[in-house]
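1. Fold the following for me, if possible:
(one chain, ligands or ions: 1)
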Amino acid sequence: MNSKSTRNETVNLGNHKETLTVGRIDYANAWPLFHHLTAPNMEIVSRVPSVLNRLLQEGDIQVSAISSFSYGVNADKYLLLPHLSVGSEGKVNSIYLFLKEPIEKVQPKRIAVSTTSATSVNLLKIIMTKHFGLEPEYEAAEPVLEDMLEHADAALLIGDPAIHASWEQNGLHRIDLGELWNEWTGLAMTFAVVAVRKEAAEAAPEALAAIYKAFLAGKRQSLADLQPLIDKACAELGGDAAYWHMYFTSLQYDFGPKQQEGLTLYFRYAKELGLLEHDVELRFYQYDQSAE
Ligand SMILES: C=C(O[C@@H]1C=C(C(=O)O)C=C[C@H]1O)C(=O)O
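-> This is a model prediction of the structure:
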């Protein structure tokens, strides 16, 4: 083999194995999907959900965990990676509306909502309108509870800041949005999905197949032994092992018929209220082992 053909071989390999950038949600809720995720031809960027939503929408990254609402907005451009999500059927423990007064007693007029969220902000609007029959004003705010409540009657937090606020003795009332959704509709709620841009799925099928396989393997490994995640959470976020065991086992990471039913109803309500412009169909990436 002369040096020319060797070089060509390398170039060909390079074309086939394009690198994809994968967006990772920067909160504990997504750790079971990402903690063990490794694949060749992959770079990872860690951000809060709203930033990942924008990076994937603008094509700056090709694959990402995103707010499920953002899938609803961009469904024509994305495919869902099957069997991957972050959600709950009941308490989610990290998506809370904190209120100065119980909602049965005082109707909130102004609600500050975290700039990091898309799914939960719109879920809150659905719940306020359709469940409580209320039309409060919403203002986007950085996720700092005290500041949010300076000008508002209630505040929506998600992710790690919501967990930390739930540990404080702040005298606030709180509503767990996953729990309320489940009591109201009887269904599960999916807050995050993992999506790929269609053109990336076409351009880099091998890299995508390898990353998808790594996602499934990494999730399986995380759920088979939660201890490394629990240890990391105690060290980085505080709290004790019992709390984090409860937290990771309350969340759901699959995206089966139950989760799809709940998310489909959420998209229907969002469309009814004008929060989404279109009906949303769930369309999936077809994993093809021979593509690897
Ligand atoms: C479970 C959670 O769900 C998160 C909520 C999101 C949203 O509201 O847009 C996005 C991603 C999820 O990881 C959480 O915040 O803890």
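
2. Around the ligand, pick out the residues from the stretch 51-200 of the chain.
-> 67, 86, 92, 94-95, 117-120, 158-159, 191-192 (C-beta under 6 Å from any ligand atom). Just so you know, the C-beta spots here come from the backbone N, C-alpha and C atoms, and that holds for glycine as well.

3. can you list those in TSV and add neighbour count?
-> Putting these into TSV (neighbours: other C-beta atoms under 10 Å) gives the following:
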residue	neighbour count
67	26
86	28
92	27
94	28
95	29
117	26
118	24
119	29
120	30
158	28
159	23
191	31
192	27
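
4. Closest one to residue 265 out of the residues you listed, please.
-> Residue 265 has its nearest neighbour among those in residue 119, at 13.4 Å by C-beta to C-beta.

5. So which of the residues of the stretch 51-200 of the chain next to the ligand belong to strands?
-> By the criterion of DSSP state E, membership of these in strands covers 67, 86, 95, 158, 191, 192.

6. Spell out which residues sit in contact with the fifth one, please.
-> Pointing back at residue 191 there. Residues near residue 191 by C-beta atoms under 8 Å, 6 or more residues apart in numbering: 29, 67-68, 85-88, 92, 95, 119-120, 158, 178.

7. Tell me where the protein has strands.
-> Counting by DSSP E, the segments of the chain that form strands are 20-25, 42-47, 63-67, 78-88, 95-99, 110-114, 137-141, 154-158, 173-176, 189-197.

8. mind putting the ones you listed in JSON lines, distance to residue 54 and mean pLDDT included?
-> JSON lines is the format used below for the strands of the chain (distance: least, C-beta to C-beta, whole Å; pLDDT from 0 to 100):
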{"stretch": "strand 20-25", "distance to residue 54": "10", "mean pLDDT": "98"}
{"stretch": "strand 42-47", "distance to residue 54": "9", "mean pLDDT": "98"}
{"stretch": "strand 63-67", "distance to residue 54": "9", "mean pLDDT": "99"}
{"stretch": "strand 78-88", "distance to residue 54": "14", "mean pLDDT": "98"}
{"stretch": "strand 95-99", "distance to residue 54": "20", "mean pLDDT": "98"}
{"stretch": "strand 110-114", "distance to residue 54": "15", "mean pLDDT": "98"}
{"stretch": "strand 137-141", "distance to residue 54": "14", "mean pLDDT": "98"}
{"stretch": "strand 154-158", "distance to residue 54": "16", "mean pLDDT": "98"}
{"stretch": "strand 173-176", "distance to residue 54": "27", "mean pLDDT": "98"}
{"stretch": "strand 189-197", "distance to residue 54": "13", "mean pLDDT": "99"}
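
9. Good, we can wrap up now.
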